[in-house]
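> Everything below, folded, please.
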Amino acid sequence: FRGYSYRECSGGQLGDVKNDKCEYKLPDKLAYENNNMEFVLNTEVSSGVPSYRNIITEFFMQENTPLPEGLSIDGKTGEIAGKPVKEMEETAFTVRGKNPRGETFVRVMIVVRKGYCQPEGVFEKTPVGEVAVFECSQQGSYVGTQTRACVLGKKDGEWQKASGVCVSVVVIVVLVVVVVIVAVVVLLAMKTHKKKAVGGVKGKAVKTAAAKKTATKTVKV
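Down below sits the predicted model:
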């Protein structure tokens, strides 16, 4: 304000404070922390409260630049907030602030985009609602496929847990060789065991036959 306030003395007592000699100063330097605003579709967004000089009693949008559907401006604080429901290319808007003395304004740029997940590891930037696919062969001597879904979070896209694995071709070859070696060893062991078992049965049969023959000769004598 400029000017002064005062109280009148009447009957030995001071009256109420009078401000009719006080005048508002023109509001000035209206600005947001970032006048280039990027909002994500279908998320709760906010511009934050703007800064300014002197007093602003009301904030409003200029008539020819109304905010997009889902967004609104707080008349007391100047905060632009809401949940945008349509994508929008970068567009200029004018926010105005006033008091009984006059007005000020600031021009802001607003874009409403679809959410996306930032690049992470082997997965590239991916829009919300899509699944990123990584072919392991891109790493060289690997096989397999990995996938990862991107879903809408509170502020932007959020990665889900990845599925699938990348396996080295060298590891696969080594495992195949090991399996073959184990299989050969098992087959050889089975054949050896079978031969021993057959030999044991024949020996017993011969011994039994010899015993019978001896017993027969004894009976004849």
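> low-confidence ranges in the chain?
Along the chain, segments meeting pLDDT under 70 span 196-221.
> list the contacts for the most centrally placed residue in the chain?
Centrality entry for the chain: nearest residue to the mean C-alpha point is residue 158, 1.5 Å, by Cα atoms, centre = their mean. The contact partners of residue 158, by Cβ atoms under 8 Å, 6 or more residues apart in numbering, come to 117, 150, 151, 152. The way it works is simple: take the backbone N, C-alpha and C, and place the C-beta from them, glycine included.
> Quickly name whichever of those residues is closest to residue 63.
Of all the contacts of residue 158, residue 152 has the smallest distance to residue 63: 33.1 Å, by Cβ to Cβ.
> what's around that closest one, how many residues?
Counted by other Cβ atoms under 10 Å, the residues lying close to residue 152 total 18.
> can you check residue 183 too?
If you count neighbours by other Cβ under 10 Å, residue 183 ends up with 10.
> ditto for residue 160
Residues near residue 160, counting by other Cβ under 10 Å, number 13.
> Over to residue 59?
Each residue near residue 59 was counted by other Cβ under 10 Å, and the total is 21.
> what about it, which helix or strand?
strand 58-61 (DSSP states H and E).
> So for that strand, what gets flagged as buried?
Buried positions in strand 58-61, judged by neighbour count with 16 or more other Cβ atoms under 10 Å: 59, 61.
> counting contacts, what elements does that strand pack onto?
strand 71-73, strand 88-99 (3 or more Cβ pairs under 8 Å, 6 or more residues apart in numbering; DSSP states H and E).
> go again using 6 Å as the cut-off
strand 88-99 (3 or more Cβ pairs under 6 Å, 6 or more residues apart in numbering; DSSP states H and E).
> how about the helix or strand following the strand it packs on: buried residues?
Sequence-wise, the next helix or strand downstream of strand 88-99 (DSSP H and E) is strand 102-113. Using 16+ other Cβ under 10 Å as the test for burial, strand 102-113 gives 104, 106, 108, 110, 112, 113.
> How about stretch 79-86?
By neighbour count on 16+ other Cβ under 10 Å, the buried set for stretch 79-86 is 79, 80, 81, 82, 84.
> Distance from the chain centre to that stretch, please.
The chain centre lies 21 Å from the centre of stretch 79-86; the measure is Cα atoms, centre = their mean, to the nearest Å.
> before we move on, what about stretch 99-106?
The answer for stretch 99-106 is 42 Å, by Cα atoms, centre = their mean.
> which residues are contacting that stretch?
24, 26-28, 30-31, 55-57, 94-97 (Cβ atoms under 6 Å, 6 or more residues apart in numbering).
> and if we set it to 8 Å?
With contact meaning Cβ under 8 Å, 6+ apart, stretch 99-106 is reached by 23-32, 35, 50, 52, 54-58, 62, 94-98.
> and which of the buried residues of stretch 79-86 is nearest to residue 166?
Closest to residue 166, out of all of those and judged by Cβ to Cβ, is residue 84, at 38.5 Å.
> For the closest one, pull up the helix or strand it's in.
Per DSSP H and E, there is no helix or strand for residue 84.
> again, but for residue 52
Going by DSSP H and E, residue 52 is part of strand 51-53.
> cool, residue 190 as well?
Per DSSP H and E: residue 190 is located in helix 169-220.
> I figured residue 110 was touching residue 34, is that so?
No: Residue 110 lies out of contact with residue 34 (Cβ atoms under 8 Å); the separation is 10.7 Å.
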